[in-house]
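# could you work out the structure for the sequence below:
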Amino acid sequence: MSSAFSLTGDEIEVLISLFAERQVKRRGFILHQGDICRHFTFVVSGCFKMYTIDRGGKEFNLEFAAENEWISDLNSFYAEKPTTVYIEAIEPSVILQITRQDLIYLYGNYPKFNSTFRIIIERKYMELQNRVLQNISATAEERYSNFLHQFPTLAARLPNTQIASYLGITSEFLSKVRKDLAHKR
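Numbers count the residues shown, from 1 in each chain. Reported below is the predicted structural model:
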């Protein structure tokens with residue numbers, strides 16, 4: 001985390017004291033639907049997916065987070081209301097987590113963290129907004145190309161079913177999109 005901005009010795013010490021490191025096994029959950037999201041999570045290694053399941057039992061991937069990315073249900077985290085999503089490890093992972101109370105302490109006592117976390121949240125919002133716009137205006141091929149651009153290393157790490165769910169298409173159609181793109185190159 002400190003590579004994003006320079007920290008003083010005091011700031012490093014406070015971060016170490018407030019963030020808890022956890023190891024999460026593949027298919028381990030850091031958030032279940034119906035729970036209140038209690039942590040803002042930084043991925044040190046591994047990969048997570050945030051998803052929901054519809055009434056018919058179909059899974060819809062909303063977000064992926066791999067190394068050096070953040071993942072949290074911000075609505076549940078800040079509003080302290082039950083979540084409608086799951087956050088699950090796709091790979092064995094190491095994460096750093098901070099509670100809402102400790103994050104608010106950082107905001108109030110270390111202005112650098114207030115602005116840094118605001119930027120992190122603004123970037124997440126922009127990603128979400130771009131994704132919504134793509135879903136309503138882009139073809140499946142364009143959405144897949146954007147996925148490859150946004151997550152260049154994840155295409156090789158994720159099964160087709162996970163990518164297809166994120167793109168809002170079937171695995172079979174994703175295979176067709178990949179073939180079409182390969183022929184164009």
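# low-confidence bits of the chain, can you list those?
Residues of the chain that meet the criterion pLDDT under 70 lie in 1-5.
# how about the helices in the chain?
Applying DSSP state H to the chain gives helices spanning 9-18, 74-79, 100-109, 111-137, 140-150, 154-157, 160-167, 171-184.
# so which of those helices is the most surrounded?
Burial of those is given as mean neighbour count (mean count of other Cβ atoms under 10 Å); helix 160-167 ranks first at a mean of 20. Quick note: C-beta positions are derived from backbone N, CA and C, even for glycine.
# report the angle between that one and helix 111-137.
90 degrees (axes from the mean of the first three to the mean of the last three Cα atoms, to 10 degrees).
# quick one: contacts of helix 160-167?
Here helix 160-167 makes contact (Cβ atoms under 8 Å, 6 or more residues apart in numbering) with 49, 51, 59-62, 64, 90, 140, 143-144, 147, 154-155, 170-171, 173-175.
# quick one on the thing from earlier: reformat the helices of the chain as CSV; add distance to Y86.
What follows is the helices of the chain, written out as CSV (distance: least, Cβ to Cβ, whole Å):
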stretch, distance to Y86
helix 9-18, 25
helix 74-79, 12
helix 100-109, 19
helix 111-137, 17
helix 140-150, 20
helix 154-157, 18
helix 160-167, 13
helix 171-184, 20
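# to S45, which of those helices lies closest?
helix 154-157 (12.0 Å; Cβ to Cβ).
# how far out from the middle of the chain is that closest one?
The chain centroid and the centroid of helix 154-157 are separated by 15 Å under Cα atoms, centre = their mean, to the nearest Å.
# list the contacts of it.
Residues external to helix 154-157 that are found in contact with it (Cβ under 8 Å, 6+ apart): 47, 64, 66, 90-91, 147-148, 163.
# what is the burial count for T8?
The tally of other residues near T8 (other Cβ atoms under 10 Å) stands at 10.
# now swap in A89 and tell me
By the criterion of other Cβ under 10 Å, A89 has 20 neighbours.
# tell me what it is bridged to.
Applying DSSP bridges to A89 gives these bridge partners: F48.
# on that earlier part again, among the helices of the chain, which comes closest to R27?
R27 sits nearest to helix 160-167 of all those, at 12.4 Å, using Cβ to Cβ.
# next, the angle from the closest one to helix 171-184.
Counting by the same axes, to 10 degrees, helix 160-167 points 90 degrees away from the direction of helix 171-184.
# helix 160-167: how far from the chain's middle?
15 Å.
# same question, stretch 51-58
Going by Cα atoms, centre = their mean, where stretch 51-58 is centred and where its chain is centred differ by 18 Å.
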